[in-house]
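Chemist: got a predicted structure plus its sequence, pasted below:
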Amino acid sequence: MSAINPLTHTELMNQAPALFTEEPHFEVSDKYHFIPTIDVITKITEYGWHPVSVQEANVRDLDKEGYQKHLVRFRHFDDLLNPKDNSVELLLFNSHDRSTAFSISAGIYRFVCANGLVIAESIFESYKIKHIGERENDVANAVERITDIKPLLEQKIHSFESVKLQDAEKRSFAKAAIPLRFEKHLEVDYNDLLLPHRKEDEHDDLYTVLNVIQENLLRGNVSGQNKETGRRFTSREITSIAKDVDVNQGLWNIAERIASIKNPALTMAA
């Protein structure tokens, strides 16, 4: 497993200029409390979490360029120093046009497939950020919450790995996952969602199956038919931050339900 280094300010600027925007979009009201994203990034690093990837939404309205939704993923210094197969991540969401609230969530990164899961809010509730500094420091509270829950999420991974699925159960998981990505009039073969892309994914545990389905849903190339028009289609990679999060959280919820059915003792309270 190769080591990864945190992104520098220069790399962040090159990949997502919106992080450095110094004022809100002109359509935002005077009551909008503006905080530059880079200020929060700097604050989060003070608590031992460092930015490792960034994603910026595409915009159709050029007036929104530099103000659009963005996502920064952070990894704890401990995991940068000693990388594991899976790492709990801190996810920072924001925009400067009021389309997305400043918030911090939790995620998991799986190195073997280079995929990032987003933990469902039933397990970890997102924390809204309204202030930074000494008074009402939402950033400190949110970071502390994720730091505290980090060992529990790591244990959750192990518990998912201990749940073995029968072929019928894997098919049920795939069928339940289809609506997360495809509307009712789009018909796909659920078996395509269970196709592994590497030898490491040829396992029957719940965590591996979760990641295989997630990868196939997010990265696309799933064939299907539009039942209304009869036309064939092939799904594309999901590039929308919002859709990515919705699919991830939906998959996590399904996995939680499966775990509670297979072994109720593994259910972790939110």
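Modeler: The structure has been received and is ready for your questions.
Chemist: quick check, Ser87 in a helix?
Modeler: No: secondary structure of Ser87 (DSSP: H, G, I helix; E, B strand; the rest coil): strand, not part of a helix.
Chemist: what is the burial count for it?
Modeler: 24 (other C-beta atoms under 10 Å). C-beta: built from backbone N, CA, C; applies to glycine.
Chemist: can you tell me the closest non-neighbouring residue to it?
Modeler: Asp79 (4.4 Å; C-beta to C-beta, 6 or more residues apart in numbering).
Chemist: what about that neighbour, which SS state?
Modeler: Secondary structure of Asp79, per three-state DSSP, is helix.
Chemist: any idea how far it is from Asn216?
Modeler: Per C-beta to C-beta, to the nearest Å, Asp79 is found 26 Å from Asn216.
Chemist: coming back round to it: how many other residues sit next to the residue nearest to Ser87?
Modeler: By other C-beta under 10 Å, the residues close to Asp79 number 20.
Chemist: correct me, but it touches Asn86?
Modeler: No: counting by C-beta atoms under 8 Å, Asp79 does not reach Asn86; the two are 9.3 Å apart.
Chemist: who does Leu92 bridge with?
Modeler: Val72, Ile104 (DSSP bridges).
Chemist: does it really touch Thr37, like I thought?
Modeler: Yes: using C-beta under 8 Å, Leu92 is in contact with Thr37, at 7.4 Å.
Chemist: state the pLDDT value of Pro36.
Modeler: The model reports Pro36 with a pLDDT of 85.
Chemist: ok, and the closest non-adjacent residue to it?
Modeler: With C-beta to C-beta, 6+ apart, the residue lying closest to Pro36 is Glu22, at 6.0 Å.
Chemist: over to that neighbour. Which of the three states is it?
Modeler: coil.
Chemist: in this protein, which residue is most central in space?
Modeler: Val118 (3.1 Å; C-alpha atoms, centre = their mean).
Chemist: surely that residue touches Ile241?
Modeler: No: using C-beta under 8 Å, Val118 is not in contact with Ile241, being 10.0 Å away.
Chemist: show the end-to-end separation of stretch 156-167, please.
Modeler: By C-alpha to C-alpha, to the nearest Å, the extent of stretch 156-167 from end to end equals 22 Å.
Chemist: what's the spacing between it and its chain's center?
Modeler: In terms of C-alpha atoms, centre = their mean, to the nearest Å, the centre of stretch 156-167 is set 20 Å apart from its chain centre.
Chemist: now do the contacts for Asp189.
Modeler: Ser223, Gly224 (C-beta atoms under 8 Å, 6 or more residues apart in numbering).
Chemist: check what pLDDT it gets.
Modeler: pLDDT, Asp189: 95.
Chemist: tell me the spacing between it and Thr100.
Modeler: 34 Å.
Chemist: helices of the stretch 51-200 of the chain, residue ranges please.
Modeler: Using DSSP state H, counting those that start in this stretch, the helices of the stretch 51-200 of the chain run over residues 77-81, 138-162, 167-181.
Chemist: and of those helices, who's closest to Arg231?
Modeler: Smallest distance to Arg231 across these (C-beta to C-beta): 17.7 Å, for helix 167-181.
Chemist: check contacts around Asn141.
Modeler: By C-beta under 8 Å, 6+ apart, Asn141 lies in contact with Tyr127.
Chemist: for the stretch 151-270 of the chain, give me the ranges with low pLDDT.
Modeler: Counting by pLDDT under 70, the stretch 151-270 of the chain contains low-confidence residues at 266-270.
Chemist: what about the strands in it?
Modeler: 186-188, 223-226, 232-234 (DSSP state E, counting those that start in this stretch).
Chemist: quick check: which of these is buried the most?
Modeler: strand 186-188 (a mean of 16; mean count of other C-beta atoms under 10 Å).
Chemist: which non-adjacent residue is nearest Arg236?
Modeler: Nearest to Arg236 is Gly220, by C-beta to C-beta, 6+ apart, at 4.6 Å.
Chemist: oh sorry, the question was meant for Lys150
Modeler: Spatial nearest neighbour of Lys150, excluding adjacent residues (C-beta to C-beta, 6+ apart): Val88 at 4.6 Å.
Chemist: thanks a lot, catch you later.
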